[in-house]
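Student: What follows is a predicted protein model with its sequence.
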Amino acid sequence: MLIVYDGLCNFCNGWVRFVAERDKEGLFTFASTRSITGSKIMQTAGLSIEDPQSIILVDGDRHLFKSDAVVAILSRLGGLWALAGACRALPRPFRDFCYSQFAQRRYALFGRRNNCPLPPPEFCDRFLP
């Protein structure tokens, strides 16, 4: 499964590190929206590379966006994180509204980088070009 994320967003980079550290089975690979792989997926999904407003989880032929992606990622981390699956009981429009409100404010809250940082050495093999 591939997670496409905003590599310029400090929160998003922290989120990816959070997932990578807890993904003991190595289920996830990662691609920044600025990478070749990530930008192609963003374009195919009709999302802006310059202002990505959604994380994308590519799971085989399925593409999950916004809250669906976050819930699926957390659920697959296992342990107590699997309880995040209970959020699916909330209506998607409500979950996505909350996601979008946060996404619009993430740079103001956590900052933005000028360039995508290099992945931590222990996870380099899980980041796609």
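Tutor: Thanks, I have the structure now. Residues are numbered from 1 along each chain as shown.

Student: mind listing the strands in this structure by residue range?
Tutor: 2-5, 29-32, 56-59, 62-65 (DSSP state E).

Student: could the ones you listed go into a markdown table alongside mean neighbour count and distance to residue 11?
Tutor: For glycine as for every other residue, the C-beta is placed from the backbone atoms N, C-alpha and C. Formatted as a markdown table, these follow (neighbours: other Cβ atoms under 10 Å; distance: least, Cβ to Cβ, whole Å):
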| stretch | mean neighbour count | distance to residue 11 |
| --- | --- | --- |
| strand 2-5 | 24 | 10 |
| strand 29-32 | 23 | 14 |
| strand 56-59 | 20 | 16 |
| strand 62-65 | 16 | 17 |
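
Student: what's the weakest-modelled helix or strand in the chain?
Tutor: helix 36-45 (a mean of 91; mean pLDDT, DSSP states H and E).

Student: residues of that one that come out buried?
Tutor: 37-39, 41-42 (16 or more other Cβ atoms under 10 Å).

Student: And the furthest pair within those?
Tutor: 37 and 42 (9.8 Å; Cβ to Cβ).

Student: shared neighbours, these two?
Tutor: residue 4 (Cβ atoms under 8 Å, 6 or more residues apart in numbering).

Student: dump the residue contacts of the residue nearest to residue 11 when sequence neighbours are not counted.
Tutor: Excluding its sequence neighbours, the residue lying closest to residue 11 (Cβ to Cβ, 6 or more residues apart in numbering) is residue 110, at 4.0 Å. Taking Cβ under 8 Å, 6+ apart as the criterion, residue 110 is in contact with 9-11, 14.

Student: Now do the least confident helix or strand of the chain: distance to the chain's middle.
Tutor: Helix 36-45 sits 13 Å away from the centroid of its parent chain (Cα atoms, centre = their mean, to the nearest Å).
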